[in-house]
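*Asks:* Sharing a model that was predicted from the sequence below.
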Amino acid sequence: KFLTDIDKSFVIITSTSWTPDEDINMLLDTVSQLNEIIMNTNIPKIIVLITGKGPQREEIEKTTIKILNNKLSHVSIYCCYLSFKDYHALLCCCDIGICLHQSTSLLDLPMKILDYFGANLPVIAINYLSIHELVTNNVNGYLINNQNEL
């Protein structure tokens, strides 16, 4: 469904493993606020794509995302799991990539950021100790410290 609107929309993508290391609710709460902000503007419709599979996907998709899609007028949220080839093709259709990964060790680096960079996407990422090895704030992406900054 989202493919029919992708050319005339602003497309946000986030890839997730649907685990506590990535707070997908941070994005969903922000999307609700964003919908309110753009309702009476000429800003194009926003499509939020959440890719990946994991233990929390079914629960969040059936509850929070279903409720949000029924009440949002200018933002649509879609969940999908894609083959590697389709995932990379989809990245090239997006406008920005969001990385919600919060490293529990503070040392690991999310490879999804490299996927985003490979598609020439700007990145918004959660700021933590080692993320600076990939993202330089205001150079190749934006580092945020909390939901308000998202």
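*Replies:* Ah, there it is.
*Asks:* Assumed residue 124 was part of a helix.
*Replies:* No - assessed with DSSP: H, G, I helix; E, B strand; the rest coil, residue 124 is strand; it does not lie in a helix.
*Asks:* I'd assumed residue 144 was in contact with it.
*Replies:* Yes - if you go by C-beta atoms under 8 Å, residue 124 and residue 144 touch, sitting 6.1 Å apart. Just so you know, the C-beta spots here come from the backbone N, C-alpha and C atoms, and that holds for glycine as well.
*Asks:* Now do the shared contacts for the two.
*Replies:* residue 150 (C-beta atoms under 8 Å, 6 or more residues apart in numbering).
*Asks:* Name the residue in these two with the higher neighbour count.
*Replies:* Shown here are residue 124 and residue 144; by other C-beta atoms under 10 Å, residue 124 has more neighbours (21 against 18).
*Asks:* per-residue pLDDT, that one?
*Replies:* On pLDDT, residue 124 comes in at 97.
*Asks:* before we move on, what about the one 4 residues further on?
*Replies:* Residue 128 carries a pLDDT score of 91 in this model.
*Asks:* Which residues are in contact with it?
*Replies:* Contacts of residue 128 (C-beta under 8 Å, 6+ apart): 102, 103, 106.
*Asks:* Pick out the lowest-pLDDT one from these.
*Replies:* residue 106 (71).
*Asks:* gap between it and residue 126?
*Replies:* Here the criterion is C-beta to C-beta, to the nearest Å. By it, residue 106 lies 11 Å from residue 126.
*Asks:* what do you get for residue 34?
*Replies:* 18 Å.
*Asks:* Let's verify the residue nearest the centre of the chain: helix, strand, or coil?
*Replies:* Residue closest to the average C-alpha location in the chain (C-alpha atoms, centre = their mean): residue 14, at 2.8 Å. The three-state assignment at residue 14 reads strand, by three-state DSSP.
*Asks:* Name the SS class of the residue nearest to residue 127 when sequence neighbours are not counted, please.
*Replies:* In space, and not counting its chain neighbours, residue 127 is closest to residue 143: 4.0 Å by C-beta to C-beta, 6 or more residues apart in numbering. Counting by three-state DSSP, the backbone at residue 143 sits in strand.
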